[in-house]
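Student: sequence first, predicted coordinates after that:
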Amino acid sequence: MDNFLIILVGIFLITGLIGCLISKLPGIPISYLGIMTLHYSSIAEFSPHFLIRWGVIIIAIQGLDYLIPSWGKRKFGGSKISIWGSLLGTLAGMYFGAWGIIVGAITGALAGQLLAGKESNRAIRESVSSFTFFIFGNISRFAVAGILFYHYVDSLTYVI
């Protein structure tokens, strides 16, 4: 049974890491589900403070993940299509390394703004702001999912 749980939790945590890049998949809640599954197994036991603290962090990150982009769009005038363009540009840019991710995200956001009918100077400013909020959200989600994945690996070192 423990082997099954180790594999299941690993799937949850890897899915959570992937979910940090794909906006339709709730990455860190899935990672937290994996940690909770691991806690209720005989493999690892986390303290209640650990579980509550990470639960609050995950709720806060998920909430901010919805509030900050909408605030940024209102403040800088970005559009929803620019955020999707930034996501698609990031995915396309992954094939070209770190610089490809940055250039792809900004280019995708700019293309989205231009498709939304914005003039070029305003579209550049808004695409950079869309990119900034997109990257901020991804980094925060990926950091939390990475830390939870670290706790999983750390728990497995005691088993192996």
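Tutor: Arrived safely.
Student: ok, the residue nearest in space to the middle of the chain - contacts?
Tutor: For the chain, C20 is the residue whose C-alpha lies nearest the centre (Cα atoms, centre = their mean; 2.6 Å). Counting by Cβ atoms under 8 Å, 6 or more residues apart in numbering, C20 touches G27, I28, N138, R141, F142, A145. All C-beta spots, glycine's among them, are computed from the backbone N, C-alpha and C.
Student: helices or strands up against the top helix by length along the chain?
Tutor: The helix that spans the most residues within the chain, counting by DSSP state H, is helix 120-159. Under the contact definition 3 or more Cβ pairs under 8 Å, 6 or more residues apart in numbering; DSSP states H and E, helix 120-159 sits against helix 2-19, helix 27-39, helix 48-76, helix 80-93, helix 97-115.
Student: can you redo these as a markdown table with distance to E126, mean pLDDT and mean neighbour count?
Tutor: Output for those, formatted as a markdown table (distance: least, Cβ to Cβ, whole Å; pLDDT from 0 to 100; neighbours: other Cβ atoms under 10 Å):
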| stretch | distance to E126 | mean pLDDT | mean neighbour count |
| --- | --- | --- | --- |
| helix 2-19 | 26 | 87 | 17 |
| helix 27-39 | 26 | 89 | 22 |
| helix 48-76 | 5 | 80 | 14 |
| helix 80-93 | 6 | 78 | 21 |
| helix 97-115 | 5 | 79 | 20 |
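Student: how about those helices in a markdown table, adding distance to T157?
Tutor: Below are the helices and strands packed on helix 120-159 laid out as a markdown table (distance: least, Cβ to Cβ, whole Å):
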| stretch | distance to T157 |
| --- | --- |
| helix 2-19 | 12 |
| helix 27-39 | 13 |
| helix 48-76 | 17 |
| helix 80-93 | 33 |
| helix 97-115 | 30 |
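Student: and the closest residue to L33 other than its chain neighbours, how far is that from Y32?
Tutor: Spatial nearest neighbour of L33, excluding adjacent residues (Cβ to Cβ, 6 or more residues apart in numbering): F12 at 5.5 Å. Distance, F12 to Y32, using Cβ to Cβ, to the nearest Å: 9 Å.
Student: noted, bye for now.
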